[in-house]
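1. whatever this is, show me its structure:
(chains A and B)
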Amino acid sequence: MQVLYFAWVRERIGLPKECVESDAKTVSELVEELRSRGERYALAFADTSALRVAVDQELTSFDAPLDNAREVAFFPPMTGG
Amino acid sequence: MVVRVQKDSFDAGQVLNEFSSSASGSGAVVSFTGIVRNVAGGLKHMEIEHYPAMTQAAIEAIEAQAVSRWELDGCLVIHRFGKLVPGEQIMMVLTAARHRAAAFEAAEYLMDYLKSRAPFWKKEVTESGAQWVEARSQDEEALRRW
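-> Below you'll find the predicted structure:
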């Protein structure tokens, strides 16, 4: 799947998107896998309560299932308007 | 129902005039324009990042909610991204309805949801550095009244 990062999540991880091979069943499982990729990831995902997630461009929760998800995006709370 | 997500600036007066003439059967048109304000320490510019694959659909979903709740005759949202300096227009919301209460309420609803549910992130660049604007708890609380 494609994993996208926006705003300070993108800056902390150091890239805007990447292709990730994963068997994670939920967003939380994917986060655990990403955390183990290194310090930058561990820092970006240190506190998931400060993050929001979208699966296939729909806002969802960290408990959400990932079955056949093509795109998962992580970002801070939005500041539009 | 129209959504425009764009880098370029726009003429708020022209947008309002065109919207009003297309909503000629309505008794009320409300327009809101958001402008980049200066901040303590002097804002050099603001950078607005967004999630291109999601932004348009997310705003359309918010508009669809507003249209169904207030029976709007028309609704237009413009939101910019990219580099903006103080004084520039960031966004505009317009609503048209039979009566003013619906037009005002729907415009407020759209603003509240755009703040917290449209995938934009603002970064303020000042002389002393750059900083991401943090979402405020009031913005999240504002959604509860709807």
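2. near chain A, which residues of chain B?
-> Neighbours of chain A within chain B, by C-beta under 8 Å from any C-beta of the partner chain: B:34, B:49, B:51, B:53-54, B:57-58, B:79, B:90-91, B:111, B:114-123, B:132-135, B:140. Any C-beta I mention is one placed from the backbone N, CA and C, and that applies to glycine too.
3. which of those count as buried?
-> Neighbour-count burial (16 or more other C-beta atoms under 10 Å in any protein chain shown) is assigned, among the residues of chain B next to chain A, to B:34, B:49, B:51, B:54, B:58, B:79, B:90-91, B:111, B:114-123, B:132-133, B:135.
4. in helices, which of those fall?
-> B:54, B:58, B:111, B:114, B:115, B:116, B:117 (DSSP state H).
5. quick one: residues in contact with stretch B:76-91.
-> A:80-81, B:1-10, B:12, B:15, B:19, B:33-38, B:43-50, B:55, B:59, B:62-63, B:92-94, B:110, B:114, B:118, B:120 (C-beta atoms under 8 Å, 6 or more residues apart in numbering or on different chains).
6. switch to 7 Å and redo it
-> With C-beta atoms under 7 Å, 6 or more residues apart in numbering or on different chains as the test, stretch B:76-91 has contacts from A:80-81, B:2-7, B:9-10, B:12, B:15, B:19, B:33-38, B:43, B:45-50, B:59, B:63, B:92-94, B:110, B:114, B:118, B:120.
7. any of the residues you listed buried? List them.
-> For the contacts of stretch B:76-91, buried by 16+ other C-beta under 10 Å: A:80-81, B:3-5, B:12, B:15, B:19, B:33-34, B:36, B:43, B:45-50, B:59, B:63, B:92-94, B:110, B:114, B:118, B:120.
8. cool, thanks, talk later.
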